[in-house]
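*Asks:* Starting from these lines, generate the structure:
(chains A and B)
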There are 2 protein chains.
Amino acid sequence: MHQLFATRASRMKASEIRELLKLLDQPGIISFAGGIPDPTLFPADSFAQAFQQALGPQLQAQALQYSVSEGYMPLRQWIAEHMCQIGVECRADDVLITSGSQQALDYLGKLFLSPGDTALVGWPTYLGALAAFNAYEPRFDRLRTNGNAGAAEYGTEAGEGAIKFAYLSPDFANPTGETVDLRGREALLDLAQDLGCAIIEDGAYQALRYDGDAIPPVLALELARKGDLQACRTIYCGSFSKTLSPGLRVGWVVAAKPIISQLVLMKQAADLHSATINQMAVHQVAQACFDTHIPKVRDTYRARRDAMLAALDQHMPDGVSWTRPEGGMFIWLTLPPGSDGAQLLACALDTVKVAFVPGQAFHPDGSGTNTIRLSFSNSDEATIAEGIRRLGQILGT
Amino acid sequence: MHQLFATRASRMKASEIRELLKLLDQPGIISFAGGIPDPTLFPADSFAQAFQQALGPQLQAQALQYSVSEGYMPLRQWIAEHMCQIGVECRADDVLITSGSQQALDYLGKLFLSPGDTALVGWPTYLGALAAFNAYEPRFDRLRTNGNAGAAEYGTEAGEGAIKFAYLSPDFANPTGETVDLRGREALLDLAQDLGCAIIEDGAYQALRYDGDAIPPVLALELARKGDLQACRTIYCGSFSKTLSPGLRVGWVVAAKPIISQLVLMKQAADLHSATINQMAVHQVAQACFDTHIPKVRDTYRARRDAMLAALDQHMPDGVSWTRPEGGMFIWLTLPPGSDGAQLLACALDTVKVAFVPGQAFHPDGSGTNTIRLSFSNSDEATIAEGIRRLGQILGT
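*Replies:* Have a look, this model is predicted:
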């Protein structure tokens, strides 16, 4: 049958990393690989109450029935208020509910990318964004968010296809944990203006800041320039996956109306709507406890990040450097030139039973061989200290 | 921003019909338009129990966490057993969970269609299938399931693009309510073999047969020919939307491994996985009461279909004909030549407060002006009798 497949299928290959990760959750292995939330932090009791209420006599018919592609209005209203709180003035009409922000990335790839078009992404960037965009057969070009690339440079580099958008996760990005500073965000807006392209702002980790001052979202900065969401080229993708629960698959997009309208049509054609009951439950839980719950999540992850940074300081040999993220779930290690993260993983699994993700897969050009990603979100401090000690052991030899 | 959109966006336009339908659920209007299940038939208490169990101490961490793209294994096992019962021998590994069968149609369009490729569909066919496939910029050619088209005919007709698949809903199809008989199914298998294309079998209404004998799914007939699912070109899409609940968005695909593997990669890149907790709840409810629940659904809808057929016999003027479906949710009316279903709707809404869907939108070539779709699933018998009486009134004048 594969001879019948569309040309895009050849770009959708099984990731060796993902296949490998399936083997890692075995007892006895200390895993810094996953990048998933600690399930003990899910507000499970609140969700139990919320689902019970959604299935009570008043709401059950609505909860189990087809609903509109735009999403559940009370949740869209809650999200609009939340966005206002982080600096993005918008209304419920400007919000589309998606099945996680991953679906937003897929739909945005589908909306913008014809084969050969260019998407600007970081080197490295979120693996799932590359996978989502890849289905629409783009070229990738390098987005530098430290401000050293002007539009002129891309004019030459991009060549074949039109530059459709720049994708980035400005706060505590997966995989590096790095944050784009205010100046970098303003420079990105200038660049997008000059290139005439959209910006896809992935806010998946936005709520997970452990110290330092919050930096306004790129969309908030653009709003400050233009005064009207409808004039903005930035598309904000948010998610409840890192704050309340990833398993319910509830995320959102905030953007100008022409974008939202087109995404609504796309969603109608692609899966009709996200599960009604999940939207009701997330709304209920967000309303009841988002503001009290998030500080607990932050406190837990902050302590784990601190434990990992302390252990790295103590156990890493000379020549290894790493990021010091102000939030999120990840620390990014750069090993001495010539090192191979994939080989190190094989060795680490074999000799000291420690897992992580080699960094090469996050680079569209196949570079980054000497980098690795460590996640601190799903291990307690003692386990983190022990795992990093073991990692130092094999890196030091 | 629209100048940045991919070429496919121009094919994803707001459906006038769907926009119109938003206005129809007003009090005082008798609506045969929706095509949605009667919410009083949802097993809401069973779902309340199931969600409570999924959020209990044993399962909550799993229910709210990320999970695998293939779907929740116990549900895949239940579906495999269900498929065996309807004649399709398969195993859990052959099943992928999707967010409703609508998502399966989107992913299958994505898997097979490059721009200009040909999809064979009925004239008329399910509007949502056309919308899903349209995103991948195919040509549509006409599938005749009454057996009068051989491969040679398509060889000439298709011309520009390769024929990638034939799509059909063989049981009580939306919009016509018609069923493809055994001979038609065998002829379709011959045709697909000759054309070297896949078959997408949409089983959305398969469980809703009210009388007559079940006809084996196309995939079951192909399995009987070939003896091995892995050799089959038919891809079966199933759904719980018409049997248990559409709002939870749980459907499935059964197909040969190369198809399932590629769809799993696609799902991983597009939305990671369908909501874990919904899959758990559907599994629990299906296991507890599918076999006792479905007969109740059938009894209710059978009585409504009978009421609509009786009222049509009584009230329709000469020159109007209609299908007599053995199941499903729809009856398809053909009005005298020169009639216009859209004009009739405007008139019906205005003068007698009755709604339905004009048939033209279900035809990829814009034909079918003199057809309309009536749904009997969400109105009681008295309302159906009254609505059809009113419709007869304006058709008779």
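
*Asks:* got any ranges where the stretch 151-300 of chain A has weak pLDDT?
*Replies:* Scanning the stretch 151-300 of chain A for pLDDT under 70 picks out the ranges A:155-160.

*Asks:* need the residues of it near chain B, please.
*Replies:* Counting by Cβ under 8 Å from any Cβ of the partner chain, the positions of the stretch 151-300 of chain A adjacent to chain B are A:162, A:164-165, A:196-198, A:233, A:241, A:245-249, A:256, A:258-259, A:261-262, A:265-266, A:268-278. C-beta: built from backbone N, CA, C; applies to glycine.

*Asks:* Could you rerun that using 6 Å?
*Replies:* A:164, A:198, A:245-249, A:258, A:262, A:265, A:269-272, A:275-278 (Cβ under 6 Å from any Cβ of the partner chain).

*Asks:* Where do the helices of the stretch 51-200 of chain A begin and end?
*Replies:* Using DSSP state H, counting those that start in this stretch, the helices of the stretch 51-200 of chain A run over residues A:60-64, A:73-85, A:100-112, A:127-134, A:151-158, A:182-195.

*Asks:* And the residues of the stretch 151-300 of chain A next to chain B, which of them are buried?
*Replies:* When those are checked for burial by 16 or more other Cβ atoms under 10 Å in any protein chain shown, the buried set is A:164, A:198, A:245-249, A:262, A:265, A:269-272, A:275-278.

*Asks:* Out of the residues you listed, name the ones that lie in helices.
*Replies:* Judged by DSSP state H, helices contain the following of these: A:262, A:265, A:269, A:270, A:276, A:277, A:278.

*Asks:* Now distance to residue B:12 and mean neighbour count too, for the helices of the stretch 51-200 of chain A, in TSV please.
*Replies:* Conversion of the helices of the stretch 51-200 of chain A to TSV gives the following (distance: least, Cβ to Cβ, whole Å; neighbours: other Cβ atoms under 10 Å in any protein chain shown):
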stretch	distance to residue B:12	mean neighbour count
helix A:60-64	27	21
helix A:73-85	21	18
helix A:100-112	9	28
helix A:127-134	18	24
helix A:151-158	26	14
helix A:182-195	24	18
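
*Asks:* Nearest to residue A:329, out of the ones you listed?
*Replies:* Residue A:329 sits nearest to helix A:127-134 of all these, at 13.8 Å, using Cβ to Cβ.

*Asks:* name the helices or strands packed onto that closest one?
*Replies:* helix A:100-112 (3 or more Cβ pairs under 6 Å, 6 or more residues apart in numbering or on different chains; DSSP states H and E).

*Asks:* could you redo the last one with a cut-off of 10 Å?
*Replies:* helix A:16-21, helix A:100-112, strand A:118-121, strand A:139-142, strand A:163-168, strand A:198-202, helix B:257-270 (3 or more Cβ pairs under 10 Å, 6 or more residues apart in numbering or on different chains; DSSP states H and E).

*Asks:* Now do that helix, average pLDDT.
*Replies:* Taken as a whole, helix A:127-134 carries a mean pLDDT of 96.

*Asks:* Just the CA coordinates for that helix, please, in CSV.
*Replies:* In CSV, the C-alpha atoms belonging to helix A:127-134 read as follows (Å, rounded to 0.1, in the frame of the first residue of the first chain):
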residue,chain,number,x,y,z
LEU,A,127,10.7,18.0,18.3
GLY,A,128,6.9,17.8,18.2
ALA,A,129,6.8,21.1,16.2
LEU,A,130,9.2,19.7,13.6
ALA,A,131,7.0,16.6,13.4
ALA,A,132,3.8,18.6,13.1
PHE,A,133,5.2,21.0,10.4
ASN,A,134,7.0,18.2,8.5
